[in-house]
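Kindly generate the corresponding structure for this input.
(chains A and B)
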Amino acid sequence: NAGVTQTPKFQVLKTGQSMTLQCAQDMNHEYMSWYRQDPGMGLRLIHYSVGAGITDQGEVPNGYNVSRSTTEDFPLRLLSAAPSQTSVYFCASGGGQVYTEAFFGQGTRLTVV
Amino acid sequence: GENVEQHPSTLSVQEGDSAVIKCTYSDSASNYFPWYKQELGKRPQLIIDIRSNVGEKKDQRIAVTLNKTAKHFSLHITETQPEDSAVYFCAARGGSNYKLTFGKGTLLTVNP
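Numbers count the residues shown, from 1 in each chain, chains lettered A, B, ... in the order given. From the prediction side, this is the model:
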């Protein structure tokens, strides 16, 4: 039981490049979400999903896309990277009694130059 | 949307003392209030939560209280230990959706 697994752990992108951050969970959780964490800003919700085929926007969705084709996977796509997207990204999942961010992945530290 | 304010931003206590962190929220329909602990360079960990139909919840040395009328909730840590040192985040889930809004965090330092 690996929990929530994010890849990669570190990434450097050039402005304008696109990439996908991967997130997978093996707990059969219906709820999954993506956050970014910036110094002094706490955690801000980017997108979330309450089940396969269902996604919705969070507080800061611009510049990011998500899809949820399976219960296990919830990838986050950066369409055209900008320096303002330099951040630490966390994926989270939850289900059952805790239909919210019960478990977080280890994070992806992204730098856009 | 929901707005969550968290105080203080930093808190320093002596080992064995108690620590209290307070949060206020704006959406009176919010119904779920979790607390997370994040050690330096690590992922956030859910440590305790409370739902709107409960006033207080305890788990060993930590407790959370909720005052729905005043729209505030607090985290209480008793008999603090150096390993309690971390950033603590409160959060609130709005009543109309599953979105979780976080406070900006409290850096707790427990001095031996």
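
Give me the neighbour count for the nearest residue in space to residue A:37 that is not next to it in sequence.
Closest residue in space to residue A:37, ignoring its immediate chain neighbours: residue A:88 at 4.7 Å, by CB to CB, 6 or more residues apart in numbering or on different chains. Using the backbone N, CA and C atoms, a C-beta is placed for each residue, glycine as well. By other CB atoms under 10 Å in any protein chain shown, the residues close to residue A:88 number 16.

that's a strand at residue A:88, yeah?
Yes. Secondary structure assignment places residue A:88 in a strand (DSSP: H, G, I helix; E, B strand; the rest coil).

from what I can see it touches residue A:34, true?
No. Look at residue A:88 against residue A:34 with CB atoms under 8 Å: they stay out of range, at 11.6 Å.

Show me what from chain B comes close to chain A.
Residues of chain B found near chain A (CB under 8 Å from any CB of the partner chain) are B:1, B:6, B:32, B:34, B:36, B:42-46, B:49, B:89, B:91, B:93, B:97-105.

Contact partners for the closest residue to residue A:6 other than its chain neighbours?
Nearest residue to residue A:6, sequence neighbours excluded (CB to CB, 6+ apart): residue A:105, at 3.6 Å. Listed by CB atoms under 8 Å, 6 or more residues apart in numbering or on different chains, the contact set of residue A:105 reads A:3, A:4, A:5, A:6, A:23, A:90, A:91, A:92, B:43.

cool, and residue B:89?
Residue B:89 neighbours (CB under 8 Å, 6+ apart): A:42, A:43, B:6, B:35, B:36, B:38, B:44, B:102, B:103, B:104, B:105, B:106.

Among these, which lie within strands?
Using DSSP state E, the members of the contacts of residue B:89 that fall within strands are A:42, A:43, B:6, B:35, B:36, B:38, B:102, B:106.

Redo the residues you listed as TSV? Include pLDDT.
Below are the ones in strands among the contacts of residue B:89 laid out as TSV (pLDDT from 0 to 100):
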residue	pLDDT
A:42	87
A:43	94
B:6	97
B:35	97
B:36	97
B:38	97
B:102	94
B:106	97
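
Quick check: residues of chain A near chain B?
Near chain B, when you scan chain A using CB under 8 Å from any CB, you find A:31, A:33, A:40-45, A:48, A:50, A:56, A:58-59, A:90, A:98-107.

Which of the residues you listed fall in strands?
A:31, A:33, A:42-45, A:48, A:50, A:56, A:90, A:98-104.

ok, so of the ones in strands among the contacts of residue B:89, who is nearest residue A:82?
residue A:43 (19.9 Å; CB to CB).

can you pull the contacts of the closest one?
Contacts for residue A:43 (CB under 8 Å, 6+ apart) come out as A:35, A:36, A:37, A:90, B:44, B:89, B:91, B:102.

Closest to the centroid, which residue in chain A?
Centroid-nearest residue in chain A, with CA atoms, centre = their mean: residue A:34, separated by 3.0 Å.

Excluding sequence neighbours, find me the nearest residue to it.
Nearest non-adjacent residue to residue A:34, counting by CB to CB, 6+ apart: residue A:46, 4.4 Å away.

And that neighbour, how far from residue B:61?
According to CB to CB, to the nearest Å, residue A:46 stands 33 Å off from residue B:61.

which of these two has more neighbours?
Taking other CB under 10 Å, residue A:46 and residue B:61 do not tie; residue A:46 has more neighbours (24 against 13).

any idea how far that one is from residue B:83?
Here the criterion is CB to CB. By it, residue A:46 lies 31 Å from residue B:83.
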